[in-house]
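Peer 1: Can you look at this prediction? I've put the sequence above it.
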Amino acid sequence: MFGLERMRALHAVATHGTVAAAASALHVTPSGVSQQLAKLEREAGQRLLEPHGRTVRLTTAGHVLAGHAADILAQVEKARAELELLRDDITGPLRVGAIATSVHALLPPVLAVLRAQHPGLEVTLHEREAEETLPQVVDGRLDVAVVESWEHRPVVVPPTLSRTALLHDVADLVLPATHRLAHRKAVDLAEVDDIPWIGWCAGSGCHDWLVRVLRQFGNHSRISCTVGSYATQLALVAGNVGAAVVPRLARDAVPDGVRVLTTRPALNRTIYAVNRTEDDDRGAIRACVDALATASARFENLV
């Protein structure tokens, strides 16, 4: 009775709130969504949308049918996933977004494994922070995101997403070898008040985290350099430009002229793989998350 694409359009409007947002999530035009909804109303014999200011909202009948649409689409996705698991090969697109440190440390072996085991899988990788990738997983623009969650700035994962803990990491203080505290093994962040700081790019989650941590522990020194690379941050520390905090996962080598100290308290984070819960059984998703977990096992002694 009800066309699947029409039910998908109604579900998108119910989820995203407007026809325009639904069209963006479905990668179609707003007029295309409106046409599907008009046909669905004719099939239902009832109005499903009503004017609400400059936009629309679901009627009571619309809410009822949208609930059924969610169930139907979930069943269709489950059927598709179960059929996919019967295939010997996993093919098609797989879109991954990941934070910089995981792109550097985890994704090279992951992509190599996926290419070797599933040559029909078309993987694309984008280096982005959780603030960008999580909404894109929710609306389907990405399939898997690798994100970080700091103890002092935990990531908020939307309820429609599943997350798999990959590894635990810690960030250490790095100082120029000539700094007065460089001989110590552990330092309170408040003590590092005589040198500027080097942080991630302004406006990023990592930059906001550093500002929050420094202020929380009584350090009001300025951040003089913002650089989107931990290797470059280490080089700047070696040049006596400032201090930084660098996760162990991001450190391949420490340049001459740099000393690494632990902080009091420790600056801990967890790396997660995130995907839509409805995709948990998709072969491509499972293959990707399994490969990420295997690659992460090499770093189990970071903390």
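Peer 2: Right, received. Where do you want to start? Numbering: from 1, shown residues only.

Peer 1: Got phi/psi on Leu292?
Peer 2: Backbone geometry at Leu292, expressed as degrees, to the nearest 10, gives phi -60, psi -40.

Peer 1: That one against Val110, yeah?
Peer 2: Yes: using CB atoms under 8 Å, Leu292 makes contact with Val110 at a distance of 5.6 Å. Glycine gets a C-beta too; all of them are placed from N, C-alpha and C.

Peer 1: got any residues that touch both of the two?
Peer 2: Contact criterion CB atoms under 8 Å, 6 or more residues apart in numbering; residues shared by Leu292 and Val110: none found.

Peer 1: Identify the single longest helix in this protein, thanks.
Peer 2: helix 60-85 (DSSP state H).

Peer 1: Which other helices and strands does that one contact?
Peer 2: helix 4-16, helix 30-44, helix 283-296 (3 or more CB pairs under 8 Å, 6 or more residues apart in numbering; DSSP states H and E).

Peer 1: Quick one: mean pLDDT for it?
Peer 2: If you average the pLDDT over helix 60-85, you get 80.

Peer 1: Just the terminal-to-terminal distance for stretch 184-196.
Peer 2: By CA to CA, to the nearest Å, the extent of stretch 184-196 from end to end equals 19 Å.

Peer 1: try stretch 152-162
Peer 2: 22 Å.

Peer 1: Please compute how far it lies from its chain's middle.
Peer 2: 9 Å (CA atoms, centre = their mean, to the nearest Å).

Peer 1: could you give the mean pLDDT of that stretch?
Peer 2: 92.

Peer 1: same thing with stretch 38-51?
Peer 2: Per-residue scores along stretch 38-51 average to 84.

Peer 1: okay, which residue of the chain is out on the far edge from center?
Peer 2: Relative to the C-alpha centroid of the chain, counting by CA atoms, centre = their mean, Gly45 is the outermost residue, at 41.6 Å.

Peer 1: low pLDDT regions in the chain?
Peer 2: Within the chain, the stretches with pLDDT under 70 are 1, 81-89.

Peer 1: By residue count, which strand of the protein is the longest?
Peer 2: strand 161-176 (DSSP state E).
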